[in-house]
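In: Model the structure of this input:
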Amino acid sequence: MTDFAVSLTDVFMDSKTGKVKSMLVSKGILNMKWRNSRSKAIPMTPGIVYEAEVDLGFTCYIFNKGHKIRLGVTSSDWPAFTISKNFVSADSLEFLNNEKIQENDIITGKYAGFSSVDETQRSQGVVAKNSVWFSRVKYPSHITLPIVSIRTLMTNKV
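Out: Here you go, the predicted model:
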């Protein structure tokens, strides 16, 4: 099961060097097996497009005039987060969800599309083949950034 790691950065021209710089503002990660619940791991089915909501946490940051906002999306953020081996085995699902999984569930039932892994894949992991889908109509994407006036910041001594 794969991860989606997102970073929010401030991109600007360094006045001293004349080079473009990028400074990390905030970041977050979502392991897709926990996309619906923190208490029940659910594997993904290949070929299905899933919504991923990645929490970047709280931050207070001022983007200066002329700066740009960059949102980076990747499948890893090592060493900040543990590397995902990009699979969920039946025994790990049983452990994570505290339920017995039947072979028929994997082939035709609620875990259809789930594939087994061999010992090499279990130890080394498998390559993730991820896509980020977006369009205004079918797969709309957004980031929510509240705007606070300087007056409000100064009044509240933030």
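
In: who touches Lys27 in this structure?
Out: Ala5, Val6, Ser7, Leu8, Leu56, Asp77, Ala80 (CB atoms under 8 Å, 6 or more residues apart in numbering). Yep, even glycine has a C-beta here, placed from its N, CA and C like the rest.

In: please redo it, this time with the cut-off set to 10 Å
Out: 5-9, 54, 56-57, 59, 72, 77, 80-81 (CB atoms under 10 Å, 6 or more residues apart in numbering).

In: Which of the residues you listed fall within strands?
Out: Ala5, Val6, Ser7, Leu8, Thr9, Gly72 (DSSP state E).

In: just curious, which of these is nearest to Ala41?
Out: Ala41 has its nearest neighbour among those in Ala5, at 18.6 Å by CB to CB.

In: Please report the distance of the closest one from Ser75.
Out: 7 Å (CB to CB, to the nearest Å).

In: before we move on, what about Ser135?
Out: Distance from Ser135 to Ser75, by CB to CB: 21 Å.

In: of these two, who's got more company?
Out: Legend: neighbour count by other CB atoms under 10 Å for Ser135 and Ser75, higher for Ser75 (17 against 8).

In: The more buried one reaches Val54, doesn't it?
Out: No: look at Ser75 against Val54 with CB atoms under 10 Å: they stay out of range, at 11.9 Å.

In: got any ranges where the chain has weak pLDDT?
Out: Where the chain drops to pLDDT under 70, the residues are 1, 85-126, 158.

In: Chain neighbours aside, what residue packs nearest to Val11?
Out: Lys68 (4.3 Å; CB to CB, 6 or more residues apart in numbering).
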